[in-house]
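> Here is a sequence with its predicted model. Questions after.
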Amino acid sequence: MVILQLIINAFSLGSFYALVALGFALIFGVTHAFNLAHGELILLGGYLAYTLAGQMQVPFLGTLPVTALAMVIIAILLQKLLRRVGQPYELNTLVVTFGLALVLQNTMLMLFSADYRIIQSAAPAIELPYTQLLLTRTQVILIGTSLLATTALYILLRKTFLGKALRATIQDREAAKLAGINVRRMSLVGFAIGGALIGLAGPLYARTTYLYPSGGTEASLIAIIITIFAGVGRIRGILLGGWALGIAESTTVYALGTGWRELVSALVLISLLLLKPQGILSRKPKAARLPG
Amino acid sequence: MNIFSNIFKPIVSLVVSLTVSVCSAGAALGNSSPIRVGEIDPLTGKLAKHGQEIHEGILYAIEQANSTGGAAGRKFELLSRDDQSQPEVAINQAEDLIYREQVAGLVGGYVDSLVGPISELAAKHQVPYVASASLQQGLTLGRHNPYFFRVAHLQGVVEPLCSFLIQELKPDRVAVLYASTPGSTEFGQQVRSCLLDAAIEIPIFEKFRPGSPDFSAFLLKIRRSRVDVLISGGFFADHLILVRQMKEQKIPLRAYIGPWGIAYPSFLEAMGEAAHGLFGMCAWNPGIAVAGADKQSRAFVEGFTARFGKTPNTTTMHGYTSAKALIEAIRRVLESGKELTGDNICRALRSLDLLLPMEHLQFDLKGDPKHYQQVVVQVQKGEMVTVYPADRKTGEIAQPSSE
């Protein structure tokens, strides 16, 4: 029973990591923009949800569409800003978004002070029938939202024409251009969807951990690690990567102690980078067949 | 010769008088120039909340001193620097204050990883440094630093906590979780030592990195180990996550004790009903002051609230107390007609005997406060009730609800 409870907790933590990373992974995959202000945008969404829930008594789930919409608008504005950035694009976006992160940190410091803010979850855990397993409301929302977001994104990328165009852009921008895909428009779409995912992650971040103006760096770091874990452009890999990291951390804490968490996570990441440098779901390329 | 005397004597006299006048004016100007006090605190970054609280306490003490005429007719000027919660930035800022700004003394600091490097720099340049929030024994033990003083120390936390556990709670099994900071690590080790001496079992003794987003696996171990009491040496933000997860997962504990971070009005506000029954510790809070300083404490709360529009807390008071010590020492040096040097200020600090709301402030030879002692409080229906020691308690221990 303890093992099962540990697995539930690990999946919940992994889902949290995946939600934090999804927006970053999509934007980076489609546009190659290395958004270092990703964590700050998540916090901004968190602060918005905190204000809605605290001052306007909006139910927690009701804050999610509002923050998602708000972050879509902000992400589109960010795309307009980054469109002006010259080559080398990845490096320059990193510098610009680092500056933006500092601006956002100071803005949040002015607006919300340095105090720590959380969104409380008053409801007690649900006890699963005939077991002693507990599932908290936050865990249900985390696992549910991460599964829904990943599935929706997977369907969009795999089953729609827009998704195919996005995937083509992720795989090879130049080839996509030659195939007649409007890469600039795909970039806008990538930012908009990424913004919506950031908007979903913000309130959950405030409900799972806490908000403070310079806390975005940690969220950005989580997103970067999970994206590397998963491999660029692999949406299912994000969820699997999050879960893998969640399981690694939870079992480490349980078996070895809280102080080992970071060391084991780092070892797992380094091992993965050595063994599967293209990401957790990568396959070895098939050898080309010779004709005849 | 006469002609020379007649022409040049008045000119020489004029030049001499002008020089004397200019020098006198300069000296007079020097005497009225402000006394520069340097402050280094984490005003941004991870520790910004507590850094800003300390800053406000220091600022209030400086403004209070200036409103009563400063020291020997000279006003105090506070030069605040942000260490961004990073030790290397703290060193740079301290060097700037010492070399370029030539401050008379340094004040502030939160957590020993930031205070430690500044204390070494202060010793190197013979500048007095009164730390606001420092606990690590290594900073004053063994290697003596005559320029380092602090208004808090670890024994003032560990002793009342251990006595409270042994005399009041009498647990069989205790879990100790401590943060990977120098002060919290020493705290964990000392608490373990005193509990083992009292034959109390410690099935879980673990370190964690402040800022961890998840404690659920740790709480699973707590449940399985059937501990009575969990002592968490984490900070404000860590308690937010740990307590929330503990309540969500219905962890059955007789007591949860957080020496740092629980006894804050903002913590009570953030946690709401979930804070009921938790134990915290503090050296001061509105309504909790040392004997004989109640009136002074109330005046501080009123003045501070009017100035900043918010209620001060125990961290604010640590900042205020450290600044009061430095201000008072500088005042004594100037009023005694001595030169304002680092050594003279340190001598004045060593002879201080001040009754302040948080403590009766006297420093020992190592620079530690002689009378710093925290009290144990319990959150009861959104209020902080002092439950230990007996001579300061304002209420009885309430049984915490486990859910």
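Perfect, I can see it now. Numbering: from 1, shown residues only, chains lettered A, B, ... in the order given.
> For residue 131, the count of nearby residues, please.
No chain was given, so I picked chain A. A:Thr131 has 11 neighbouring residues, counting by other CB atoms under 10 Å in any protein chain shown. Backbone N, C-alpha and C define where each C-beta goes, glycine included.
> looking at chain B here, not the other one
When neighbours are counted by other CB under 10 Å, B:Ala131 registers 29.
> residue ranges for the helices of chain B, please.
B:2-32, B:48-67, B:87-95, B:112-125, B:155-164, B:182-197, B:216-225, B:236-248, B:265-271, B:294-308, B:314-335, B:342-350 (DSSP state H).
> just how off-centre is the second one within its chain?
Once both centres are worked out by CA atoms, centre = their mean, to the nearest Å, helix B:48-67 turns out to sit 11 Å from its chain's centre.
> got it, and the fifth one?
Between the mean C-alpha location of helix B:155-164 and the chain-wide mean there is a distance of 18 Å, by CA atoms, centre = their mean.
> Just the mean pLDDT for that helix, thanks.
Helix B:155-164 shows a mean pLDDT of 95 in the predicted model.
> what is the orientation angle of it with helix B:182-197?
When axes from the mean of the first three to the mean of the last three CA atoms, to 10 degrees is applied, the directions of helix B:155-164 and helix B:182-197 differ by 30 degrees.
> any chance of the helices of chain B in CSV, plus distance to chain A?
As requested, the helices of chain B are exported to CSV (distance: least, CB to the nearest CB, whole Å):
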stretch, distance to chain A
helix B:2-32, 36
helix B:48-67, 4
helix B:87-95, 13
helix B:112-125, 15
helix B:155-164, 21
helix B:182-197, 10
helix B:216-225, 4
helix B:236-248, 4
helix B:265-271, 6
helix B:294-308, 11
helix B:314-335, 12
helix B:342-350, 30
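> Make a markdown table from these and add distance to B:Asn285 and mean neighbour count to it.
As requested, these are exported to a markdown table (distance: least, CB to CB, whole Å; neighbours: other CB atoms under 10 Å in any protein chain shown):
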| stretch | distance to B:Asn285 | mean neighbour count |
| --- | --- | --- |
| helix B:2-32 | 39 | 10 |
| helix B:48-67 | 12 | 23 |
| helix B:87-95 | 27 | 18 |
| helix B:112-125 | 23 | 22 |
| helix B:155-164 | 15 | 19 |
| helix B:182-197 | 20 | 19 |
| helix B:216-225 | 28 | 20 |
| helix B:236-248 | 14 | 24 |
| helix B:265-271 | 8 | 19 |
| helix B:294-308 | 9 | 15 |
| helix B:314-335 | 6 | 26 |
| helix B:342-350 | 26 | 20 |
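> Quick one: closest of these to A:Ile224.
helix B:236-248 (22.1 Å; CB to CB).
> Return the angle between stretch directions for that closest one and helix B:314-335.
Relative orientation of helix B:236-248 and helix B:314-335, computed by the same axes, to 10 degrees: 160 degrees.
> For helix B:236-248, give the mean pLDDT please.
Helix B:236-248 shows an average pLDDT of 91 in the prediction.
> now swap in stretch B:262-269 and tell me
Mean per-residue pLDDT for stretch B:262-269: 91.
> Kindly report the same for stretch B:214-223.
91.
> Give me the distance from that stretch to the chain's centre.
With CA atoms, centre = their mean, you get 32 Å for stretch B:214-223.
> Now do the SS call for A:Ala176.
Classification of A:Ala176 by DSSP: H, G, I helix; E, B strand; the rest coil places it in helix.
> which residue sits closest to B:Phe235, ignoring its sequence neighbours?
Spatial nearest neighbour of B:Phe235, chain neighbours left out: B:Gly261 (4.8 Å); criterion: CB to CB, 6 or more residues apart in numbering or on different chains.
> hang on, the earlier thing: the helices of chain B: which one's closest to B:Phe149?
Nearest of the helices of chain B (CB to CB): helix B:342-350, 5.4 Å.
> tell me what that closest one is packed against?
helix B:314-335 (3 or more CB pairs under 8 Å, 6 or more residues apart in numbering or on different chains; DSSP states H and E).
> Could you figure out how far the helix it packs on is turned away from helix B:48-67?
30 degrees.
> what angle sits between helix B:314-335 and helix B:294-308?
Going by the same axes, to 10 degrees, helix B:314-335 makes 100 degrees with helix B:294-308.
> If you count contacts, what does helix B:314-335 end up packed against?
Applying 3+ CB pairs under 8 Å, 6+ apart, we find helix B:314-335 packed against strand B:35-41, helix B:48-67, strand B:105-110, strand B:129-133, helix B:294-308, helix B:342-350, strand B:354-355, strand B:360-361.
> What lies in contact with the last one?
Contact partners of strand B:360-361, identified using CB atoms under 8 Å, 6 or more residues apart in numbering or on different chains, comprise B:Val151, B:Val290, B:Thr321, B:Lys324, B:Ala325, B:Leu352, B:Asp353, B:Leu354, B:Leu355, B:Pro369, B:Lys370, B:His371.
> what's the spacing between the fifth one and B:Ser67?
If I follow you right, that is B:Ala325. 18 Å (CB to CB, to the nearest Å).
> Could you do B:Leu59 as well?
In terms of CB to CB, B:Leu59 sits 12 Å off from B:Ser67.
> try B:Ala123
For B:Ala123, the distance to B:Ser67 equals 33 Å [CB to CB].
> Over to B:Arg350?
B:Arg350 sits 27 Å away from B:Ser67 when distances are taken as CB to CB.
> follow-up on the earlier one: could you save the helices and strands packed on helix B:314-335 as TSV and add columns showing distance to A:Tyr17 and mean pLDDT?
Output for those, formatted as TSV (distance: least, CB to CB, whole Å; pLDDT from 0 to 100):
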stretch	distance to A:Tyr17	mean pLDDT
strand B:35-41	33	96
helix B:48-67	25	95
strand B:105-110	30	95
strand B:129-133	33	96
helix B:294-308	39	96
helix B:342-350	50	95
strand B:354-355	51	96
strand B:360-361	47	96
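> residues touching the residue nearest to B:Leu334 when sequence neighbours are not counted, list them.
Once flanking residues are discounted, B:Leu334 sits nearest to B:Ala72: 3.7 Å by CB to CB, 6+ apart. By CB under 8 Å, 6+ apart, the contact list for B:Ala72 reads B:Arg331, B:Leu334, B:Glu335.
> isn't the first one right up against B:Ala71?
Yes: under the criterion of CB atoms under 8 Å, B:Arg331 makes contact with B:Ala71 at 3.9 Å.
> Now do the shared contacts for those two.
Taking CB under 8 Å, 6+ apart as the contact rule, B:Arg331 and B:Ala71 both touch B:Ala65.
> which parts of the stretch 1-150 of chain A sit against chain B?
Within the stretch 1-150 of chain A, the positions adjacent to chain B are A:2, A:5-6, A:9-10, A:12-13, A:16, A:105-106, A:109, A:113-118, A:120-122, A:124-125, A:134, A:136-138 by CB under 8 Å from any CB of the partner chain.
> how about A:Val189, what does it touch?
Applying CB under 8 Å, 6+ apart, we find A:Val189 in contact with A:Val30, A:Leu162, A:Leu166.
> So which of those residues are in strands?
Among those, no member is found in strands (DSSP state E).
> Would you show me how to pick out the buried ones of the residues you listed in ChimeraX?
Selecting only the buried entries of those in ChimeraX, with 16 or more other CB atoms under 10 Å in any protein chain shown as the criterion:
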select /A:30,166
